[in-house]
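Chemist: what would the 3D arrangement of this be:
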Amino acid sequence: DSNKNIILKSICYSAEEDFFLKPWHSVFAALGDYIKSEKVYISAQQEEIISYIFPSFNKNINFKKSDIINQNENTMFEMAVDAIIQLLQKITERKKIIFVFDDIQWMDKMSKLLLTKILTHFSNKNVLLIGAYRNDFESKMLSFTIPLIKSDLLKKIMLNRFSFEETKNIVSEYLPNVKINDFLLNNIYNDTEGNALFLIELLKVVKDKGYTKELSSKATNIINSRIMDLSKNEKILLNNISLFFDKVSIDCLKILVPFDELEIFDLIESLQEKNLICELITDKDIFYSFTHQKIREYIYDNQSNGKKILLHEKIGNYFEEKFKSSGKKHLYPNLIYHFEKCGNKYKSLKYKVENLTDLYTMYHETYPVYTSDTIVYNESKDIFNVEAKLNEINEELCLLDKTDTEYLKIKMEFSYLLGRYYISMGVYDKGLENIDFSLRLADKLENYIYLLNNYKQMVFYSIQVNDIPIMFKYINKSLKLLSLYDNIEERGTMLRLKGLYYIKIKKYEEAEKLLNESINIFSTLNNISNKYILSISASYNYLGQLNINLGQFDLAIDYYKKAINLCNENGISKGLEIFYSNIGQVLCEMKNFDEAKKYMINSLELFKKYESTWGRDLAECYMTIILINKKNIEEAKIHFSLAQEFATKLNNPKTLKLVEDIKKLLK
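Modeler: The predicted structure is shown next:
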C-alpha cells in the first residue's frame with residue numbers, strides 16, 4: 001500500500017562492485033524526490049552532507065573540489081550516516097520504508113555497512129529489507145548475513161528452482177490457451193531445469209511462436225529466439241544499450257545511433273512491448289536498461305570487439321564532458337568502465353586515482369569509522385582497503401610511458417594520496433617520501449592546487465608529530481602561494497593553522513588575531529553556504545587552547561563550549577570527541593575530576609563510535625589520570641594501556657612524555 005509504505009528499489013551490478021555506495025544512488029534520488037514532494041524538513045547542513053555523498057539526492061547543490069567540509073578534521077561518511085539515519089527517522093514518522101536490492105551479492109562493502117547500520121538502528125521497526133542473491137554466492141554473503149541473522153534483523157528465505165509440479169502449474173497459468181501435453185511439459189522442464197529466468201523466457205517464446213526444439217536446446221538459444229525476429233533498427237538500438245552495464249539515457253543513445261529522437265522512442269516502445277528493456281524514471285531523467293542482465297551479456301558478447309572499442313571510447317568521452325561540466329562523482333564508475341573497455345589506460349587510471357582520492361577524503365580512514373555497539377559487520381575492518389587499491393593502481397601505472405605528461409599528472413595525484421595514507425597510518429618515512437615526490441612533480445607541472453595540497457599535508461604531519469619548524473615552513477609556503485592564487489576558503493584554513501603555530505611558540509596576541517580573522521572568513525562564507533560550521537568550531541577550539549596556556553581556564557572552557565554548541569545546533573557530532581576531550585583536560589587540570597570524567601566519557605564514546613585515532617592518545621591519558629585520582633586503579637590501567645597504544649601509533653613526543661609521567665603515577 002503506497003499510502004503506508006515507500007518502496008525504494010535498486011539493482012547491484014558486478015561492474016560496480018568496486019565503487020563505494022553506488023547501489024544507493026538511485027535510492028537517494030527517490031528519497032530526494034520524496035522529501036520535496038511531501039515537504040519533509042531536514043536542515044541545510046544535513047541536505048548538503050547527504051548530497052555530497054549522493055549527488056542525486058539534490059541535483060541543485062553543486063560542489064567544487066574544495067567543498068569538502070574540512071577534510072582533516074572530520075570524515076564525510078560518518079557525518080552522512082548520522083544525517084541519513086535522521087532523514088529516515090523523519091520519513092518513518094509518516095510511512096514505513098521497504099528497501100529492495102536485487103543481485104545484492106554485487107553490493108560493495110561500504111554499501112553493506114550503511115545498510116547494516118540502518119537495519120540495526122531501526123531494529124525491524126518501520127524499515128524492512130528485501131534482498132535477493134544467487135545461491136552460488138552464499139559463501140560471499142555470509143559475513144554480511146550472519147551477524148544480522150544472529151541479531152534477529154534478517155531472515156533467510158531459500159527460493160529453490162521450480163520443481164516439475166511447480167513448473168507444470170506455472171505453464172498452465174502462463175499459457176491458458178495452449179494445449180499442454182507431457183511432451184511439451186517435459187521439454188520445457190528439461191530445457192530450463194526450473195530456473196525462473198529461463199522458464200519465463202521460454203514461455204514467452206512458446207506463447208509467440210510455439211515450441212521449437214532446435215532453438216531451445218540451450219539457455220542461450222532461448223534468449224536468441226527472443227531477439228531473432230527483431231527489425232534491423234531494433235537490433236542496432238539493443239546492441240548500443242548493451243554497451244552500458246546498468247542504464248542509458250536518450251541523450252547518450254542519440255550520440256551512438258543514426259536515428260532521430262522520435263524514431264528512438266518508437267524503437268524503445270517496441271522493445272518494451274517485447275519485454276526486452278524497461279524504463280527507469282527519475283525526477284529529471286529517463287533511463288533504459290535490460291529486463292535481464294543475462295540478455296544484456298548475451299547481446300554484448302555477440303558484437304565485434306573493434307566496434308565495441310570505438311563505441312566505448314565515444315561513450316567515455318560523452319561522460320567525460322558531463323563530468324567536466326558538473327563534477328558529479330557518481331559518474332566515476334561510468335568513466336572508468338568505458339575507458340577501460342576501450343583500452344584508454346591513462347584516462348581509466350586518472351579517474352581511478354581521482355575516485356580513490358575523493359573516497360579517502362570522504363572517509364579518511366582505512367577501516368570503517370561507523371560501527372554499532374550491538375552489532376559488528378564482519379567485513380567492516382576491510383571496508384576501504386586503501387593499500388590494496390593503491391597497489392592495484394601502482395601496478396597499472398608501471399605499464400605506462402614514464403615521460404608522458406598525462407602519466408606525470410596521474411603520478412603526482414597518486415603520490416599525494418599515498419603520502420596522505422602513510423602519514424595517517426603513522427608510517428612517516430614512506431609518507432614524507434611520497435609527499436616530496438608529489439611536490440616535485442606539482443612544481444614541474446606548475447600545478448598550484450597540488451602544491452597547496454602537499455604543503456597542507458606537511459602542516460598536518462607537523463601537527464601530528466609536533467615539529468614546529470616544519471609547521472612554520474609549510475604554513476608560510478602555503479600563504480605565499482595563496483597570495484598568488486587567491487582562494488578565500490584555503491586562506492581561512494591557513495590562518496587558523498598559523499594561529500595554532502603562534503600558540504605553540506607562545507605568541508598569544510598574534511595567535512588570537514589570526515584565529516579571529518579565520519572565524520570572520522568562515523562566518524562570511526557560512527552565510528553564503530552553511531557548510532563551514534566545523535571550520536569555525538575548530539578556531540574556537542584553538543582559542544580554548546590559547547587560554548589554557550595563559551592560565552585562563554574558565555575562558556578556555558567557554559570557548560570549548562562555544563565549539564560544542566555550534567556543532568550541536570547544526571546536528572554535527574564528528575569533531576565533538578576532540579572538544580569534549582579538551583574540556584575534560586582543563587577540568588582535570590583544575591582538579592574537578594567528577595565533572596572532567598563526564599566530559600571524558602562523552603569524548604571516548606565518540607572516539608569509539610567513529611574509530612578515530614587523532615587525539616585519542618591524549619583523551620585516554622587524561623581518563624587514566626582522572627581514574628587514578630578517583631582511586632579506580634584497575635579501570636585506570638585499562639585506559640593507560642590504550643593510551644600507550646595510541647601514543648605509540650601517533651608518535652607525538654608531547655603525548656609520549658605524558659605517558660611516561662603517568663607510568664610513574666601508576667607505580
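
Chemist: quick one: residue 90 from residue 619, how far?
Modeler: 33 Å (Cβ to Cβ, to the nearest Å). Using the backbone N, CA and C atoms, a C-beta is placed for each residue, glycine as well.

Chemist: neighbour count for the two, which is higher?
Modeler: residue 619 (27 against 14; other Cβ atoms under 10 Å).

Chemist: give me the three-state assignment for the more buried one.
Modeler: The three-state label given to residue 619 by DSSP: H, G, I helix; E, B strand; the rest coil is helix.

Chemist: residue 637 versus the closest residue to it other than its chain neighbours, what's the distance?
Modeler: Excluding its sequence neighbours, the residue lying closest to residue 619 (Cβ to Cβ, 6 or more residues apart in numbering) is residue 581, at 4.2 Å. Residue 581 sits 20 Å away from residue 637, going by Cβ to Cβ.

Chemist: same check on residue 229?
Modeler: Distance, residue 229 to residue 637, by Cβ to Cβ: 78 Å.

Chemist: so which of these two has more stuff around it?
Modeler: Set residue 229 next to residue 637 and count neighbours by other Cβ under 10 Å: residue 637 wins out with 13 against 10.

Chemist: buried residues of stretch 488-496, list them for me.
Modeler: Buried residues in stretch 488-496, counting neighbours by 16 or more other Cβ atoms under 10 Å, are found at 489, 490, 491, 492, 493, 494, 495, 496.

Chemist: residues in contact with it?
Modeler: For stretch 488-496, the external contacting residues (Cβ atoms under 8 Å, 6 or more residues apart in numbering) are 66, 70, 452, 456, 475, 478-479, 482, 514-515, 517-518, 521-522, 525, 532, 535, 538-539, 542.

Chemist: how about 7 Å then?
Modeler: 66, 452, 475, 478-479, 482, 514-515, 517-518, 521-522, 525, 535, 538-539, 542 (Cβ atoms under 7 Å, 6 or more residues apart in numbering).

Chemist: next one: it to chain centre, how far?
Modeler: Relative to its parent chain, stretch 488-496 has a centroid offset of 26 Å by Cα atoms, centre = their mean, to the nearest Å.

Chemist: how about residue 259, phi and psi?
Modeler: Note on residue 259: its backbone torsions stand at phi -120, psi 150 [degrees, to the nearest 10].

Chemist: make that residue 426, sorry
Modeler: phi 80, psi 10.

Chemist: tally of neighbours for it?
Modeler: Neighbour count of residue 426, defined by other Cβ under 10 Å: 16.

Chemist: roughly how far does the residue lying closest to it once chain neighbours are set aside sit from residue 478?
Modeler: Computed as Cβ to Cβ, 6+ apart, the closest residue to residue 426 that is not its neighbour in sequence is residue 649, at 5.0 Å. Residue 649 is 27 Å from residue 478, where distance means Cβ to Cβ.

Chemist: more neighbours: which of these two?
Modeler: Taking neighbours as other Cβ under 10 Å, residue 649 and residue 478 compare with residue 478 leading, 24 against 13.

Chemist: that one touches residue 452, doesn't it?
Modeler: Yes. Judged on Cβ atoms under 7 Å, residue 478 makes contact with residue 452 at a distance of 6.0 Å.

Chemist: re earlier: so the residue nearest to residue 426 belongs to a helix, correct?
Modeler: Yes. Applying three-state DSSP, one finds residue 649 inside a helix.

Chemist: tell me the confidence at residue 516?
Modeler: Note on residue 516: pLDDT of 96.

Chemist: quick one on the thing from earlier: just the buried members of the contacts of stretch 488-496?
Modeler: 452, 475, 478-479, 482, 514-515, 517-518, 521-522, 525, 535, 538-539, 542.

Chemist: now, those that are in strands?
Modeler: Among the buried ones among the contacts of stretch 488-496, no member falls in strands (DSSP state E).

Chemist: which single one of the residues you listed is nearest to residue 601?
Modeler: residue 538 (22.9 Å; Cβ to Cβ).

Chemist: between the buried residues of stretch 488-496, which is closest to residue 146?
Modeler: Checking those against residue 146 with Cβ to Cβ, the nearest one is residue 493 at 43.9 Å.

Chemist: buried stuff in stretch 203-214?
Modeler: For stretch 203-214, a neighbour-count test (16+ other Cβ under 10 Å) marks 203, 204, 205, 206, 211 as buried.

Chemist: may I ask which of these comes out lowest in pLDDT?
Modeler: For the buried residues of stretch 203-214, the pLDDT minimum is residue 211, 76.

Chemist: and that residue, which of the three is it?
Modeler: Recorded secondary structure, residue 211: coil (three-state DSSP).
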